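Participant: What follows is a predicted structure for the sequence shown.
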Amino acid sequence: MQMKNEMTEYERKIKRVAISEEEIAAAIKKAGAEISAEYEGKPLLLVSILKGAFVFMADLCRAVTIPHDIDFMCAKSYYAGTESSGVVKITMDLVHEVKDYHVVIVEDIVDTGRTLSDIIKLLKAREPLSLKVVTLLDKPSRRLVDFKADKALFTIPDFFVIGYGLDCDEKYRNLPYIAEYGE
Ligand code: IMP
Ligand code: MG
């Protein structure tokens with residue numbers, strides 16, 4: 001039987017808190033205010049890429065004070081070697097017609113940049129009024145394709161993070177903070 005004060009394997013792999021709940025909340029409040037000012041009076045659609053960005057989307061949309069719509073999509077990219085094929089398979093598409101909106105993609109993390117650069121190609125072809133990307137986290141040192149988010153709330157070094165929507169084998173998405181994962 002497990003002792004009460006003994007750490008489980010699950011808990012032990014949460015190495016340290018990298019970004020606290022308070023830091024996340026403050027950065028989202030600021031980003032929400034900036035988005036509200038930029039899109040005032042314009043038809044705005046926030047698009048979240050599932051699943052990782054669902055927690056960020058939930059908090060960011062509540063920090064945006066102007067009227068707006070939200071939508072979700074689920075996408076998988078296919079690659080030949082390290083080169084993006086530019087082929088992204090939509091496993092769940094948007095409900096909205098993006099032509100009618102200024103679109104802001106809400107993403108959890110930009111790593112190699114391949115997924116987002118494919119999604120941007122695809123959404124641009126649908127001719128939105130404008131298209132921008134806001135990401136909670138950015139790992140620029142890992143980039144394999146030339147991609148830069150319009151807004152990145154936190155830039156982090158190359159370590160694997162979990163929590164606040166981000167997973168390791170589908171676990172840890174429920175942590176309220178961003179943590180470094182590891183042995
Ligand atoms: P990429 O930019 O195409 O390489 O893909 C980024 C996606 O990989 C993100 O949306 C995450 O789902 C996942 N990912 C990348 N780095 C991490 C990490 O440190 N923790 C959890 N998921 C990650
Ligand atoms: Mg993601």
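Facilitator: Ah, there it is. Ligands and ions are numbered 1, 2, ... in the order given.
Participant: wait, what's in contact with whatever residue of the chain ends up closest to ligand 2?
Facilitator: Nearest to ligand 2 in the chain, going by Cβ to the ion, is Gly52, at a distance of 3.5 Å. In this view, the C-beta of every residue, glycine as well, is placed from N, C-alpha and C. Gly52 sits next to Glu107, Asp108, Ile109, Gly165, Leu166, Asp167, Arg173 when contact means Cβ atoms under 8 Å, 6 or more residues apart in numbering.
Participant: so when I look at Ala179, I'm seeing a helix, right?
Facilitator: No - counting by DSSP: H, G, I helix; E, B strand; the rest coil, Ala179 is not part of a helix but strand.
Participant: low pLDDT regions in the protein?
Facilitator: Segments of the chain classed as low confidence (criterion: pLDDT under 70) are 1-4, 77-87.
Participant: All the strands of the protein, residue numbers only.
Facilitator: Ranges of strands within the chain are 14-19, 44-49, 69-80, 83-92, 102-110, 130-138, 151-155, 161-162, 178-181, based on DSSP state E.
Participant: longest helix of this protein?
Facilitator: Secondary structure of the chain per DSSP state H: the longest helix is helix 21-38.
Participant: what helices or strands is it leaning on?
Facilitator: helix 54-63, strand 130-138, strand 151-155 (3 or more Cβ pairs under 8 Å, 6 or more residues apart in numbering; DSSP states H and E).
Participant: can you give me the angle the first one makes with strand 151-155?
Facilitator: Counting by axes from the mean of the first three to the mean of the last three Cα atoms, to 10 degrees, helix 54-63 points 130 degrees away from the direction of strand 151-155.
Participant: Distance from the chain centre to helix 54-63, please.
Facilitator: The chain centre lies 10 Å from the centre of helix 54-63; the measure is Cα atoms, centre = their mean, to the nearest Å.
Participant: buried residues in stretch 172-183?
Facilitator: Buried residues in stretch 172-183, counting neighbours by 16 or more other Cβ atoms under 10 Å, are found at Tyr172, Arg173, Leu175, Tyr177, Ile178, Ala179, Glu180, Tyr181.
Participant: so which pair among those is furthest apart in space?
Facilitator: Arg173 and Glu180 (15.7 Å; Cβ to Cβ).
Participant: Out of the helices and strands packed on helix 21-38, which is the most enclosed?
Facilitator: Neighbour counts (mean count of other Cβ atoms under 10 Å) averaged over each of these peak at strand 130-138, with a mean of 21.
Participant: is ligand 2 contacted by it?
Facilitator: No - under the criterion of Cβ under 5 Å from the ion, ligand 2 is not reached by strand 130-138; the shortest gap measures 9.2 Å.
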